[in-house]
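**Q** Sequence and predicted structure below; questions after.
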Protein chains: 2
Amino acid sequence: MGGFNVSEKPLDFLRGFTVDFDLKTGMSKMVDTGKRYLSQMKGMFADEAAFDALLAKGDALVYEFHSMPVPEHEGDLAFGCSIVYPGKVGGEYFMTKGHFHTILDTAEGYYCLGGSGYMLLENEAGDYSAHELAPGQAVYVPKDYAHRSVNTSATEKLVTFFVFRADAGHDYGTIESKGYRRLVVERNGKPEVIDNPKWK
Amino acid sequence: MGGFNVSEKPLDFLRGFTVDFDLKTGMSKMVDTGKRYLSQMKGMFADEAAFDALLAKGDALVYEFHSMPVPEHEGDLAFGCSIVYPGKVGGEYFMTKGHFHTILDTAEGYYCLGGSGYMLLENEAGDYSAHELAPGQAVYVPKDYAHRSVNTSATEKLVTFFVFRADAGHDYGTIESKGYRRLVVERNGKPEVIDNPKWK
């Protein structure tokens, strides 16, 4: 094929690039993922005894996600995939830590490629909603809302493609210290949103 | 399922929402597409005689795309799918008009769900590149670059999921009046990038 001028550098933020994210698994041959193991999630799940018991069995991978080195500039976008593994801590489903954007006034888009679960949104005033994630469902995460992906499948990974403004920043601290007001737990074999007894 | 508080309004930009985009077709039951027919593409293809001859056979749908009513705010993101149909005008493949962002300093992300083709990038100084689109390939469109999707398949639709800053704006006029410096055409059965003889 003649005349093409695709950059030799795979991640050229000035001239553009292509990067692979497998439509089924979300994984990329070109970009590594950051990984969050159970041991890194201490305090995030409500049932601490169940957490300790599960961790004693092994340090499970809870989720992973791509973090491309996009310039943190208000005109830039960062994207990648998030993969949340199936599992539960007590009755609470495996999930991402969840975060606000440091620049609160920035939205995010998620597009579900596989699995099933919820995007749990919550703002500082306590308003919340849980948006179903299933293959082909896109979630619009509005500005000012913390967002957390929850995998409610017993067997499948929850795979989403996400895009956010590259300078939005991640505020994990607010959730790490205060928690979410609501949890997604299994009750009678089905997901249910309940109040978090430990919310501060 | 109890306790869920999913908004009754499907497109709630303040509290979030889920919207469907079929992973194969890109189509949505909730959001309509804008449609670009051949008659609306006059002057965009290099071979005007071939254009007139094809149009005489019928006003083919060249592409369609979602345009959600996201607030045009710098912290917001707009997303949807673009579907480019297979076809050629002379040797030139069906494509989108292509555009710069009105706010030049804003990037865009594309994630290919199906089909095959290229994202043709070109900046005002004439630098260009063509990035392959295939299922699972994401293209980072940098700031300052016009971007056009080109479907090089003879039979399949080119389906992409796109995300851009909601206030980026679309400058179609520059491309409509000046054209792209390069074209993607079929030569010996394969796609090739050539200089546009009509570029002004």
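**A** Great, that's in hand.

**Q** mean confidence for whichever helix or strand residue A:129 is part of?
**A** Per DSSP states H and E, residue A:129 falls inside strand A:128-133. The average pLDDT for strand A:128-133 rounds to 95.

**Q** repeat for stretch A:21-34
**A** In this model, stretch A:21-34 has an average pLDDT of 95.

**Q** That stretch: end-to-end distance?
**A** 15 Å (C-alpha to C-alpha, to the nearest Å).

**Q** Please enumerate the helices of chain A.
**A** For chain A, the helices defined by DSSP state H cover A:48-57, A:173-178.

**Q** for those, which one sits closest to chain B?
**A** helix A:173-178 (16.7 Å; C-beta to the nearest C-beta). Where C-beta positions appear, they are placed from N, C-alpha and C, glycine not excepted.

**Q** For that closest one, output the C-alpha coordinates as PDB.
**A** Below are the C-alpha coordinates for helix A:173-178, written out as PDB (Å, rounded to 0.1, in the frame of the first residue of the first chain):
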ATOM      1  CA  GLY A 173      -9.100  10.300  48.300                       C
ATOM      2  CA  THR A 174     -12.700  11.500  48.800                       C
ATOM      3  CA  ILE A 175     -14.000   8.000  48.200                       C
ATOM      4  CA  GLU A 176     -11.200   6.300  50.100                       C
ATOM      5  CA  SER A 177     -11.900   8.300  53.200                       C
ATOM      6  CA  LYS A 178     -15.700   8.700  53.100                       C
END
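
**Q** So what touches it?
**A** A:43-44, A:97-100, A:146, A:148, A:199-200 (C-beta atoms under 8 Å, 6 or more residues apart in numbering or on different chains).

**Q** picking that back up, any part of the strand holding residue A:129 near chain B?
**A** Yes: contact of strand A:128-133 with chain B (C-beta under 8 Å from any C-beta of the partner chain) involves A:128-133.

**Q** So which of those residues wins on neighbours?
**A** Most neighbours among those, by other C-beta atoms under 10 Å in any protein chain shown: residue A:133, with 28 neighbours.

**Q** Contacts only, for the closest residue in space to that residue that isn't next to it in sequence.
**A** In space, and not counting its chain neighbours, residue A:133 is closest to residue A:112: 4.3 Å by C-beta to C-beta, 6 or more residues apart in numbering or on different chains. Counting by C-beta under 8 Å, 6+ apart, residue A:112 makes contact with A:133-139, A:158-160.

**Q** In strands, which of those appear?
**A** A:133, A:137-139, A:158-160 (DSSP state E).

**Q** which of these tops the neighbour count?
**A** The residue in these with the most neighbours, by other C-beta under 10 Å, is residue A:158 (30 neighbours).

**Q** these two touch, right, residue A:37 and residue A:62?
**A** Yes: in this structure, residue A:37 is within contact of residue A:62 by C-beta atoms under 8 Å, at 6.5 Å.

**Q** More neighbours: the two, which one.
**A** Each of residue A:37 and residue A:62 has its neighbours counted (other C-beta under 10 Å); residue A:62 has more, 24 against 14.

**Q** list the contacts for that one?
**A** A:36-38, A:40-41, A:84-85, A:87, A:94-96.

**Q** what does residue A:181 give?
**A** Residue A:181 is in contact with A:122, A:126, A:128, A:195-196, A:199, counting by C-beta under 8 Å, 6+ apart.

**Q** Now list the buried members of the residues you listed.
**A** Neighbour counting by 16 or more other C-beta atoms under 10 Å in any protein chain shown classes A:122, A:128, A:196 among the contacts of residue A:181 as buried.

**Q** For the last one, which non-adjacent residue is spatially closest?
**A** Spelled out, it's residue A:196. Leaving out its chain neighbours, the residue that sits closest to residue A:196 by C-beta to C-beta, 6+ apart is residue A:183, at 5.0 Å.

**Q** okay, and the helix or strand of chain A with the least pLDDT?
**A** Least confident helix or strand, chain A: helix A:173-178 with a mean of 90, by mean pLDDT, DSSP states H and E.

**Q** Now do the buried residues in it.
**A** residue A:175.

**Q** Then stretch A:105-115?
**A** Going by neighbour count (16+ other C-beta under 10 Å), the buried part of stretch A:105-115 is A:106-115.

**Q** Next, format these as CSV and append pLDDT.
**A** As requested, the buried residues of stretch A:105-115 are exported to CSV (pLDDT from 0 to 100):
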residue, pLDDT
A:106, 95
A:107, 95
A:108, 96
A:109, 97
A:110, 98
A:111, 98
A:112, 98
A:113, 98
A:114, 98
A:115, 98
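
**Q** OK, contacts around the residue nearest to residue A:120 when sequence neighbours are not counted?
**A** Distance criterion C-beta to C-beta, 6+ apart; nearest residue to residue A:120, sequence neighbours excluded, is residue A:148 at 4.6 Å. Neighbour list for residue A:148: A:95-99, A:119-120, A:175, A:180 [criterion: C-beta under 8 Å, 6+ apart].

**Q** likewise residue A:19?
**A** Residues near residue A:19 by C-beta under 8 Å, 6+ apart: A:10-11, A:28, A:30-31, A:68, B:137-138, B:140.

**Q** Only the buried subset of the residues you listed, as a ChimeraX command please.
**A** Burial among those is assessed by 16+ other C-beta under 10 Å; the matching ChimeraX selection reads:
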select /A:28,31,68 /B:137,138,140
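
**Q** pLDDT score for the nearest residue to residue A:76 once chain neighbours are set aside?
**A** Closest residue to residue A:76 apart from its sequence neighbours, by C-beta to C-beta, 6+ apart: residue A:166 at 3.6 Å. Looking at residue A:166, its pLDDT is 94.

**Q** And for residue A:166, the neighbour number?
**A** By the measure other C-beta under 10 Å, the count of residues near residue A:166 is 21.

**Q** Residue A:32 now?
**A** 11.

**Q** Could you list which residues are in contact with it?
**A** Residue A:32 neighbours (C-beta under 8 Å, 6+ apart): residue A:66.
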